[in-house]
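1. coordinates for the following, if possible.
(chains A, B and C)
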Amino acid sequence: MSQIITLTTDFGLQDHYVSTMKAVILGIAPNVRLVDISHQIPPQDVMAGAWVVKNAASYFPDGTIHLVVIDPGVGTNRIPVALQIGNQFFVGPDNGVFSLIADENEYKACQLTDRSYWGKNTSNTFHGRDIFAPVAAHLANGVALNKIGKPVEKLVTYRWATPISDKDGIQGWIVHIDRFGNLISNIPEELIRNLDLARRMKIYVGNTILHELVKSYGYVEDGEPAAYIGSSGMLEIAINKGNACEMLGVHKGAQISIVLQK
Amino acid sequence: MSQIITLTTDFGLQDHYVSTMKAVILGIAPNVRLVDISHQIPPQDVMAGAWVVKNAASYFPDGTIHLVVIDPGVGTNRIPVALQIGNQFFVGPDNGVFSLIADENEYKACQLTDRSYWGKNTSNTFHGRDIFAPVAAHLANGVALNKIGKPVEKLVTYRWATPISDKDGIQGWIVHIDRFGNLISNIPEELIRNLDLARRMKIYVGNTILHELVKSYGYVEDGEPAAYIGSSGMLEIAINKGNACEMLGVHKGAQISIVLQK
Amino acid sequence: MSQIITLTTDFGLQDHYVSTMKAVILGIAPNVRLVDISHQIPPQDVMAGAWVVKNAASYFPDGTIHLVVIDPGVGTNRIPVALQIGNQFFVGPDNGVFSLIADENEYKACQLTDRSYWGKNTSNTFHGRDIFAPVAAHLANGVALNKIGKPVEKLVTYRWATPISDKDGIQGWIVHIDRFGNLISNIPEELIRNLDLARRMKIYVGNTILHELVKSYGYVEDGEPAAYIGSSGMLEIAINKGNACEMLGVHKGAQISIVLQK
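-> Numbering: from 1, shown residues only, chains lettered A, B, ... in the order given. Model prediction:
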C-alpha cells in the first residue's frame, strides 16, 4: 500500500504545470500514489479551492497528503506551510486556502523553512513545483512535520458568512455551483433538523419558491426545481435533468432562505 | 500487477466528486490501479456514456472493473447493478448505461443488495461514492459477483436505431461527435464491406456529398471533408485539419447515407 | 519503483481515446506508471505540443518514456519514430512534435518498423493506440531502441523564429498563453542577463509599455501588468490577479520587445 498525495490547483489541464509537480514528486517519492482532486479551481479563487479540499479530504485514508496550490501571491510574503489534521497532511500557501478545513479541526502547522526539502532552484512564480511538491514528497517519504520548518501558531483564515437561524427559519448563501449547475448552500443538514419540520416551509432562492425538501432531485418532475440535502450534507437546489444555475439564474453568493410558516 | 478500475462519469473535473469516489476505492482496495475513461460525458446523457464505455472496454485487460456513473435517477427506483461480461466487470445504475455493451455480449448481472459492501452512510444523491465505488473496490478485492447481490435476468436496455441497408446502400445516423469535430456514425465497416464496392458511391451527410471512402482524413486536401472507417470500426466523416461538426453544420442525430450508383 | 510513461495528446478528455491508449499500455506493461502531461493541446497544433513536452520533460526521472500523439497526418507518409535523449525516451509521429526537444539536445532516433511491437490491428486513424502506445509499453518493458526499428538520421524539425538581440534590446514573440492568460515569450532569461540592466528599459507588448522586470506578478498592484522571468525561464507578461491575454488583447504570435533607453 503506497502513500497517497492528492493535488488541487487552479492550473487547468492544458499546460505542463500539473505534470511538472507530479514529475518532481515522483523523482523524490517514486512509489507514491497520485490522485487529482481538481485542477479546475477558478484562477486565483482561494476559497473555491478551500471548499473543494474540505469536501474531498475526509474520504481519503489516513496518511494522505493533500497538496493544494491556489497561490495568487506566489513569490510575495505569504508563507509556505504544511499542516497536520488528524492523520492527514496539507501542504500549500498560507493564504486562506486551508481556512475551511482548519476552522473545523484541530491542526498542527509549520512554516516551510528548511530549504533542504525544497527543489534545487526556486522560481518566483511556481512554488507548487519548487517548494510544495518536493515537501509533500518528503512527507510521503516519512520526514516528520517538525523537520521541515518551524511551528506556526495561527494560519491565515478567511471565513464565509455562516448561516443565520432562529426558530422561524434559516438564511444562508450559495457557496458553490457544481458541474450540473446544482446550487450548493452553506446551510448544513443539522441546522435544518433543528427546525420544527412539522411546520410548513418555504425555501426562497433567486425568484423561485420551493415548498418542501425532497430526498433527491429524482423525486420531482423533469425540469422542476428540487431542494434536498446534497452529498456534502448541505442544502442544495437542483433542476431534475436540468441546470439550476442557468435555468433559475442563480449564481454563487446568492441568498437562500428557509422560512417556516406560522 | 494490480487490478484496474476504470471510471466513467458525467461529473466533470472541477468538483471533488470524482476524487471522493477514488478515495473511497483506495480506502477499500489500496493497490488497485485507477484509470479515467471520461468524466466529460454530457450531464445526464446515459447513451453518450454507454457509447464511450462500449468503445473503451474491450481494450482493457481481463479482470478490469468498469465503474460507470451517469445516474440522473440516483435515489429513485432505478436499481444499482453489477455485471460480468467475459472477464470484465461493470458497476453502475441500471438505467441503460450498459445497453450497448450488454446488447452485444452475454452477461451475468446482479442487483446490488448486500449493504455490507456499501459505504457506511448512503446519501440520496451520490451513489457513485456511497454504493458503486465501494462495490467496485470489493470486486477488485476478489469478492464474487454472486456475493454482492441477487441475480437480475434482464437489464434496462435502450437501443439506438440500427442502420438500414439493402443492396443499393445504407442509411445510418451520427451517434457521436468527438473532440476534433469528427462525425462518427453507427454504420459498421462490415455493413459497408457487404456492398458491391465496385459500383460508384455517394455519401450524403448534411448538405455535403462525398464520392468515396479514403483510408484516412490525411488523404484529402486540408480543409476538405473525408469519409473513412474510423478507429472504432465505424464510418466517420472528418475535415482534414478542420472541425467537421462546425464546418459542415452536422450534429449528433443527423442522417448519413451511402447510396450506390446504378 | 516503476517506469513512467507520460502522455501528451490533442485528444481532449471527453472521448475514450486517451483511455484506450492507457489500456493498451497496461496490457503490455502492467506495472508502468502513467502520468498525463496534457490532452488539451489545441487540435492538430504540433508546435503547441512540442512546447509543452519540452517544458515538462526535464522534470521527469531518468527512464521516463514520453508518448506524444499530436498527429494530424496519421495514416499518411509521416513516419512513426522513437528517440532517446539522455536517459529519456520519446515516441510519436515524426511531424515536428519533437522539434523543440531535439533541437536543444543530442538524440538517437529510429523509425518504428518492427510490427511485432505494434498492436495486432493497425487502424489508419489511431496510431496512438495501435503503434505508439504499444511501442512505448515495450520500451518500458526494457526492449532496446535499436530493436524496434531502423535508425533515422534527422527528424523533421520546425523552428520558431528565435529572438533577435543586440546591445540595445531584444525582440521576441509570444509563443504560449497559459490557463491564467499569462503571455509566455521565447526570450530566455540568459539573453536578458546579457543586457546592460543598469540602463532603463521599456518592454513593449501589444499596446502596453512596461518599465521594469519584477520578481513575480505578485509585486505589482492587483489588475496591473507585470514583466518577469517565468517558471520556464522565459520572459512572461501577466496581470496580477487578472488575465493578460484578455485584458491586454495580446495573443500567441504577438511581438514583444525590450528596448534599453539611451
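2. A:A102: which element?
-> Following DSSP states H and E, the helix or strand that holds A:A102 is helix A:99-103.
3. and that helix, what other elements does it pack with?
-> Helix A:99-103 is packed against helix A:46-57, strand A:80-85, with contacts defined by 3 or more Cβ pairs under 8 Å, 6 or more residues apart in numbering or on different chains; DSSP states H and E. For the C-beta atoms, the positions are set from N, CA and C on the backbone; glycine is no exception.
4. among the ones you listed, which is nearest B:I229?
-> helix A:46-57 (42.3 Å; Cβ to Cβ).
5. between strand A:80-85 and that closest one, find me the angle.
-> Between the axes of helix A:46-57 and strand A:80-85, defined by axes from the mean of the first three to the mean of the last three Cα atoms, to 10 degrees, the angle is 30 degrees.
6. is helix A:46-57 positioned near chain B?
-> Yes: counting by Cβ under 8 Å from any Cβ of the partner chain, contacts between helix A:46-57 and chain B involve A:V52, A:V53, A:N55, A:A56.
7. same question, stretch A:10-18
-> Yes: remark: stretch A:10-18 sits within contact range of chain B at A:L13, by Cβ under 8 Å from any Cβ.
8. for that stretch, how far is the first residue from the last?
-> With Cα to Cα, to the nearest Å as the measure, the ends of stretch A:10-18 fall 10 Å from one another.
9. return the set of buried residues in stretch A:183-197.
-> Residues of stretch A:183-197 classed as buried: A:L183, A:I184, A:S185, A:N186, A:I187, A:P188, A:L191, A:I192, A:L195 (neighbour count, 16 or more other Cβ atoms under 10 Å in any protein chain shown).
10. go on, stretch A:130-144?
-> Of the residues in stretch A:130-144, A:D130, A:I131, A:F132, A:A133, A:P134, A:V135, A:A136, A:A137, A:H138, A:L139, A:A140 count as buried by neighbour count, 16+ other Cβ under 10 Å.
11. got the residues of the stretch 151-262 of chain A near chain B?
-> Among all residues of the stretch 151-262 of chain A, those adjacent to chain B (criterion: Cβ under 8 Å from any Cβ) are A:176, A:178-181, A:215-219, A:228-231, A:236, A:240-241, A:243.
12. that older thread, redo the buried residues of stretch A:130-144 as a markdown table? Include secondary structure, distance to chain C and pLDDT.
-> Rendered in a markdown table, the data for the buried residues of stretch A:130-144 read as follows (DSSP: H, G, I helix; E, B strand; the rest coil; distance: Cβ to the nearest Cβ, whole Å; pLDDT from 0 to 100):
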| residue | secondary structure | distance to chain C | pLDDT |
| --- | --- | --- | --- |
| A:D130 | helix | 8 | 97 |
| A:I131 | helix | 12 | 98 |
| A:F132 | helix | 13 | 98 |
| A:A133 | helix | 10 | 98 |
| A:P134 | helix | 11 | 98 |
| A:V135 | helix | 16 | 98 |
| A:A136 | helix | 15 | 98 |
| A:A137 | helix | 12 | 98 |
| A:H138 | helix | 16 | 98 |
| A:L139 | helix | 18 | 98 |
| A:A140 | helix | 14 | 97 |
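13. which of the residues of the stretch 151-262 of chain A next to chain B fall in strands?
-> With strands identified by DSSP state E, the entries of these that belong to them are A:H176, A:Y228, A:I229, A:E236.
14. so where's the stretch 51-200 of chain A uncertain?
-> Judged against pLDDT under 70, the stretch 51-200 of chain A has no low-scoring part.
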